[in-house]
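> The sequence and its predicted three-dimensional model are supplied below.
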Amino acid sequence: MFHKIEYQRGNKGLQIDGNMKQTVYVFKCEDSTITVNGKVYYHSSFFALTDNKVNSIILDSCKKCALVFNDSVAGLEIINSQRIQSQVTGKCPIINGKAQVMSAKLQFFQSIRLMASKCT
């Protein structure tokens, strides 16, 4: 199941409520900020349980975009993108940069596996 964001320009307030079965696919966005939140799946008057994970996140052909997310089961993949910033506040097992990724700033708070090919 995909959640697609395409052709956004200058949109600093993109919010996505995802779950563990979804892949977030961001394509041809420019100068935008994407925040991926967990989805509330049980709520009572005392507490709310959330699923803070998405399956994976793919940034494809984006420029000057920022991405903030909590957890990703499979990881983050960045393809053909320039000047990307990403903040991982939870767990992300792998961040993969492929095919002409230029200037990516990554901030994470737990250890991850980082892979890159043809990246600067």
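Perfect, I can see it now. Numbers count the residues shown, from 1 in each chain.
> Which parts of the chain are helices?
Applying DSSP state H to the chain gives no helices.
> Tell me which stretches of it form strands.
Counting by DSSP state E, residue ranges of the strands within the chain are 2-6, 14-18, 23-27, 33-43, 48-51, 53-60, 66-69, 71-79, 82-88, 94-98, 102-108, 113-116.
> for Leu30, what are its contacts?
Careful, residue 30 is Glu; it's not Leu. Contacts for Glu30 (CB atoms under 8 Å, 6 or more residues apart in numbering) come out as Gln8, Arg9, Gly10, Cys62, Lys63, Lys64, Cys65. In short, each C-beta sits where N, CA and C put it, glycine included.
> Among the residues you listed, find me the one that's closest to Thr23.
For those, the minimum distance to Thr23 (CB to CB) is 15.7 Å, reached by Cys62.
> contacting residues for the closest residue in space to Ile16 that isn't next to it in sequence?
Counting by CB to CB, 6 or more residues apart in numbering, Ile16 lies nearest to Val36, which is 4.8 Å off, once chain neighbours are set aside. Taking CB under 8 Å, 6+ apart, we find Val36 in contact with Ile16, Gly18, Val24, Val54, Ile57, Leu67, Val68, Phe69, Asn70.
> surely the last one meets Thr35?
Spelled out, that is Asn70. No: the pair Asn70 / Thr35 is not scored as a contact, 9.6 Å apart, by CB atoms under 8 Å.
> quick one: which of those two has more around it?
Ranked by neighbour count (other CB atoms under 10 Å), Asn70 and Thr35 place Asn70 first, with 19 against 16.
> Can you pull the phi/psi pair for that one?
Taking degrees, to the nearest 10, you get phi -90, psi -70 for the backbone angles of Asn70.
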